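In: Prediction below, plus the sequence it came from.
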Amino acid sequence: MLEVNWLHLIPLLPLCGAAICGLVGNKLPKSWLYAVALGSVFTAFMIGLSAFGLVSSETGASALHERVFEWFTAGKLHVDLGLTIDRVSGTLVLVITGVGFLIHLYSVSYMDEDAAYWRYFAYLNLFVAAMLLLVLGDNLVAMFVGWEGVGLCSYLLIGFWFEDDAKASAGRKAFIVNRIGDFGFLLGIFVIFSQLGSVSFADIHGATFAAVPAALAALFLFIGATGKSAQLPLYIWLPDAMAGPTPVSALIHAATMVTAGVYMIARLSHLYMQAPGVLAVVAIIGALTAAWAALIATSQSDIKKVLAYSTVSQLGYMFIGVGVGSFVAGTQHLLTHAFFKACLFLGSGAVIHGLHGEQDMRKMGGLKKYMPHTRWTFLIATAAITGTIPLSGFFSKDEILGKALQTSIFNSLRMWPGGPFMTQLGLVIYLLGSATALLTAIYMWRCYYLTFEGDYRGGPDVHPHESHWFMTLPLWILALLSVVGLVLGLPEPIGEKLHLDWASWEHFSLGVFANPPISNNHESIPEWLTYGIALLIGVVGWRLAVYWFGSGSEERSNKLVAAFPRVHSAFEHKLYVDEFYNAVIVRPLWTGARVLWRVVDVWIIDGLFINGTAQSVAFIGSIARRFQNGDVQRYAAMTALGLAFLVYVFLR
Amino acid sequence: MNFNPNDLVGILPAVILTLGGCALMTTEVFLRKDGPDRRYQPFLAAVFGLIALYVSLSQLGDPSATLFAGAAVADGIGRSISAVVSGTLVLSVLLAAGYLETLSASRGEFYALALFSAAGMCLLSQATDLIVVFIALEVMSLAVYSLTAWLRKGTKPAEAAFKYFVLGSFASAIFLYGAALAFGAAGSTRIADLALAVRNANAGSSMLVYAAGALLTVGFAFKVAAFPFHMWVPDVYDGAPAPVTGFMAAGVKAAAFATLARILIGGFGDVGASMGPHGWQSLIVLLAGATMLVGNVLAVPQRSVKRMLAYSSIAHAGYLLVSIAAMAGSEPRQDAVFGLVFYLASYAATVIGAFGIVALIERKLAPTGASDDLTTWGGLAQKHPLLAAAMSLFMLSLAGVPPTAGFMGKLGIFRAAIEAGLVPLAIFGVLTSAAGLYYYLRVVVYIYMVPSTKPEPVVGGRMLTAGVALAACAVLVIWMGVQPGAFATLTQSSLAGFGK
Amino acid sequence: MDSYLTPYLPVLILLVIAGVMCTAISLLAGKLGPRRITSVKEGAFECGNPSTGDGHARHSVRFYLVALLFIVFDVESVFVYPWGAMLHDFQAQHLGWFAFGEMMSFMATLALGLVYVWRKGALNWSADVNS
């Protein structure tokens, strides 16, 4: 661990950028504002790059650390604001600032016509700063500040066009659902502090917890993660978050913020390894979310909604990864997903931009003629996400599923109720994950075909056009990264042959995460078999999609829909989860609030306490004033009466 | 009886203040009638006050000593109250300087009387013999009566002083009657002998002893303005010159509370905590509750800030009584004594500041015969932002809002009460002080939100000395609120030698 | 009743009886007695003069001032006499100089007061004191 004194510049620069953009942005010339917003993120990227260089060299320090200042001391709780960068957080810093910079660049063109562009860039810079703090913080409290900061920016950006009620309420929904999770996060911090007397990651890594507190802390923190990373049952805010500008969806709701939960669990891998029961919960929730969201995604017609559910589903994969104890696989998918999902979102943004705000895929089609760059990059990213060999998504997804099959971390749960099932949990999750992979291939190819193939179905007054190179350049870079990202997950034999084994994520991140137990459950299953199955699934999914949607229309699939109208309608309505929450939580709360307002507030508080107090005080005052009339004899008489009373009490 | 010259060292603050008073009084008569050379007087008075303050602070850590064969004592509480009184005096004379100059009422006797009164307060806090208590009480009170009537124009000051004098004499008479009964029971006027009489009281003499206790308590309940002996307070506080009012509210209260604690703990400590008949704790609890209620409730309808502060002073007497009730026992409860001393110090700094700003308003209004009203405070923030901020600070401190001295004071007292088992009283106190927030914040509202009705400045006259004193008050209020630990020497040494 | 106060019981009884008697007599007289007011009865009796002016005569404020000052110096003499009579005893107890010093400081304090009063013009009967 090497102490340095310049790490704070990485989050500070975007923060200053946010301050400048937010405070004087509307007075600056546009080009200056862009220079500040983009420049601060790019400089942070360069600093992050040099830090990354230091920690990634074989001979250098394993991690850099900076104690920025002593933050606060409350009782036994002593918190320094410290930043630390190791190979994992260093990589994430590069993703945040790098992808962040590309999305800033993209936004210059995308948001050009919006009058409040300065506010947009201030929020975006602030988001980058908060996300960097989240990743770099060397303790849970610092991470929590970043965690809340990104939540705030997310709220601000989802509701960026707050003149639209639906968009403003989407922001509120995201905020409230996240608050529920944050409460869990806080409880988790409290548990850890009460056990350890410290909240720094370094102390947590070295600590041994008792079983129950470890489980409690891990569970509470995971509740926080389900909020931020949109897992069951708190995923509902993410699809609505698509109300924000599309670059925001790409940066916050695909590449960075929503993966914070996965990052947090990976960072606390040593804690989670001590709570295998909670890991099982994580893996189950992840698998269920992945399948659940993929099912819904198949029936959405809004292109951004498809991508949103796809994000939820992919996040589910990441949680499977960390849940089965393979923190390497989980974070690896986090990285590759950041590239191809950002690319997909930006591509959809380019489409929407080119169609003047049209988001319905039923009114698209045949766009490959009009926007070739967008089409090719979208195609590459789609291939990556659907697990087409040899793109990055294939390796990272398969790594997760393979690890799920092999894991032995649930063996220790044999004594639990349902123990025999628990030991086979890995297999169940593998099957669920593979089914989801099939669904993923279907809905993503559907999305691609409906958008770019076939004939254009939009209105005659809309003229699709390719976007400015400010928008297509980031697309190509991200598409390239989705391909190159494959080196992270190359299987060991191949990697060795190509002399790329140093670049594999497993090798690179060695020592950062806790190691899963060595013994494997299904050791007999060779790697090539799982690869083969995965490949087969990808191909089958693609073929099905081609069969149903290959013509760029839904004619064939509509027959299927007609056969199962109820099922389709359920998927289309997102499995009625929002309606369910509305009936079970929101309405009772609303009714309760009205009752509180009508009865308690208006009646008891306002009527009885506030007005009642004022009136009774006035009443007492008017009585007491009769005594206080300035007549000295009366004062003396009162004194004498008081004296008599006191003497009586004393002598009684 | 032997005289030990060292005993004079024990009452050195009082001696210094007396000498200062004599010096001011005799030099005054050699000055020309309307000469401009009276400027030195407030500063001379302040210098004597500062010396007394320095002496009492430097003696704080010393061991306690019996003085004049038991007639007085140099102990922790006496010294810390002397320090509070001396500080009060310094701030008050600095505030009075500009005030008297503006109203052309600047004469040396004012400062001489203030010094004499402060000397009486110091002695009062050190007296352990009822006769000495009475003498010190009268030295203090007579000087304050005269100060009340200082501005002879108009009927208000005369009326105030007259009421104060008549009712004060009434209270003194009650006190004397109590002292006489105590002498009858104990055969001595020493508080220590009274404690013996209390301990050995039989069926016959107990009546006498407890009657004495009741009468002595009433005598001081009048001075500290506890319900139902508070009636004089609004009229007197209103009629007296505002700097004098501040001096009275802070100094008289401090000295009287110290003596009340000394009599009740030193003389009646053995029976304090018994909740049956003769247990004075229940009595003080009753008084405290009623006083907090009456003070806070009656402050609400007041339109004049000065009068509101008078009622607020009654309410604060209630809070202070809570600490006396919490002390009950043959050995005083430590935290309650700390709470009392800290509260007195914090209240002194706050209330002198508040009345100091009232004085600035008043010295503008007094020539026109008008009295201050909430509307006259309007626009203060635009014309004198610093004064407005200071006044808001003092109001917040009086209301007990952190991070001010008032908050720490209330915290200490209510915590002591809870530890003493007086939970309902503490809760009641917190509730009433929450009600107090209303009328304190109303002043802030007028200062900041109501525009001025007249174009001329809200305050008049020279501001320099008053500004220095107000700044000192504000600094103290914040300092005590943020870092109460710095005053630990003041409060914690107060326990030395206090008790039986 | 407490034994301490028992001897005073007869006094209390006497006081109560006396009080009741006085009150009863004056009240009864007022109630029962006939009251016929005539101009003759209202007039000054026989050789007396008709009353003029206010019943409450006012003395000059200087009278009080002089009375106060007199008391101050009167108290001085009240202290000095017993002190003079006891001085030999003090001397026998080796407190002679102390007692002397005490009295001197007392008189010095009073002298200070005299200086003040003098300079203030309080002893000047005819001058305007109130200035």
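Out: Arrived safely, thanks for sending.
In: Which residues lie in contact with A:Ala404 in this structure?
Out: Residues in contact with A:Ala404 (C-beta atoms under 8 Å, 6 or more residues apart in numbering or on different chains) are A:Ala283, A:Ile320, A:Gly321, A:Val324, A:Ser326, A:Gly426, A:Ile429, A:Tyr430, A:Gly433. Backbone N, C-alpha and C define where each C-beta goes, glycine included.
In: A:Ala294 versus the first one, what's the distance?
Out: Put plainly, it is A:Ala283. From A:Ala283 over to A:Ala294 the distance is 17 Å, taken as C-beta to C-beta, to the nearest Å.
In: Repeat that for the third one.
Out: Spatial separation of A:Gly321 from A:Ala294 under the definition C-beta to C-beta is 16 Å.
In: More neighbours: the two, which one.
Out: Remark: of A:Gly321 and A:Ala294, A:Gly321 carries more neighbours, 32 against 26, as counted by other C-beta atoms under 10 Å in any protein chain shown.
In: Assign the closest residue to A:Asp455 other than its chain neighbours to helix, strand or coil.
Out: Leaving aside its sequence neighbours, A:Asp455 sits nearest to A:Gly366 (C-beta to C-beta, 6 or more residues apart in numbering or on different chains; 4.7 Å). At A:Gly366, secondary structure determined by DSSP: H, G, I helix; E, B strand; the rest coil is coil.
In: Could you report the neighbour count for A:Gly366?
Out: 16.
In: what's it sitting at in phi/psi?
Out: According to degrees, to the nearest 10, the main-chain angles of A:Gly366 amount to phi 70, psi 20.
In: Next, find the distance separating it from A:Asp360.
Out: Relative to A:Asp360, A:Gly366 is positioned 15 Å away (C-beta to C-beta).
In: Which parts of the chain belong to which domain?
Out: In the absence of a named chain, chain A is used. Here the domain parsing of chain A from automatic domain parsing is A:1-274, A:307-565, A:596-651.
In: Chain C was what I was after
Out: The record's domain split for chain C, according to automatic domain parsing, is C:3-34, C:61-120.
In: Quick one, which of these gets closest to chain A.
Out: Distances from chain A to each of those were compared by C-beta to the nearest C-beta, and the smallest falls on domain C:3-34, at 12.5 Å.
In: does chain A sit close to that closest one?
Out: No - contact of domain C:3-34 with chain A (C-beta under 8 Å from any C-beta of the partner chain) is absent, the minimum separation being 12.5 Å.
In: Distance from the lowest-mean-pLDDT helix or strand in chain C to the middle of the chain?
Out: Comparing helices and strands within chain C by mean pLDDT, DSSP states H and E singles out helix C:39-42 as the least confident, with a mean of 75. What separates the centre of helix C:39-42 from the centre of its chain is 38 Å, taken as C-alpha atoms, centre = their mean, to the nearest Å.
In: packing partners for the following helix or strand past it?
Out: Stepping forward along the backbone from helix C:39-42, the first helix or strand reached (DSSP states H and E) is helix C:61-92. With contacts defined as 3 or more C-beta pairs under 8 Å, 6 or more residues apart in numbering or on different chains; DSSP states H and E, helix C:61-92 has these neighbours: helix C:96-120.
In: and the angle for the helix it packs on with helix C:61-92?
Out: With axes from the mean of the first three to the mean of the last three C-alpha atoms, to 10 degrees defining the directions, helix C:96-120 sits at 170 degrees from helix C:61-92.
In: And stretch B:94-112, what's buried?
Out: Within stretch B:94-112, the residues that qualify as buried by neighbour count (16 or more other C-beta atoms under 10 Å in any protein chain shown) are B:94-103, B:105-112.
In: mean confidence for it?
Out: Taken as a whole, stretch B:94-112 has an average pLDDT of 87.
In: How far does it stretch from one end to the other?
Out: From the first residue to the last, stretch B:94-112 extends over 14 Å; the measure is C-alpha to C-alpha, to the nearest Å.
In: how far is that stretch from where the chain is centred?
Out: Relative to the mean C-alpha coordinate of its chain, stretch B:94-112 is positioned 21 Å out (C-alpha atoms, centre = their mean).
In: Would you mind listing the buried residues in stretch C:19-36?
Out: Using 16+ other C-beta under 10 Å as the burial criterion, none of the residues of stretch C:19-36 qualify.
In: err, stretch B:7-14, not the other one
Out: In terms of neighbour count (16+ other C-beta under 10 Å), stretch B:7-14 has its buried residues at B:Asp7, B:Gly10, B:Ile11, B:Leu12, B:Pro13, B:Ala14.
In: Got phi/psi on residue 356?
Out: Here I'm looking at chain A. phi 60, psi 50.
In: surely it meets A:Gly459?
Out: No - when contacts are counted by C-beta atoms under 8 Å, A:His356 is not listed as touching A:Gly459 (10.1 Å).
In: Do you know the pLDDT at residue 38?
Out: All of this is about chain A. 90.
In: Sorry, I should have been clearer: chain C.
Out: C:Thr38 carries a pLDDT value of 80.
In: list the contacts for it?
Out: The contact partners of C:Thr38, taken as C-beta under 8 Å, 6+ apart, number zero.
In: Return the distance of it relative to A:Leu438.
Out: C:Thr38 sits 132 Å away from A:Leu438, going by C-beta to C-beta.
In: Check A:Phe42 too.
Out: 40 Å.
In: just B:Leu396 next, same as before
Out: Look at B:Leu396 and A:Leu438: by C-beta to C-beta, they are 67 Å apart.
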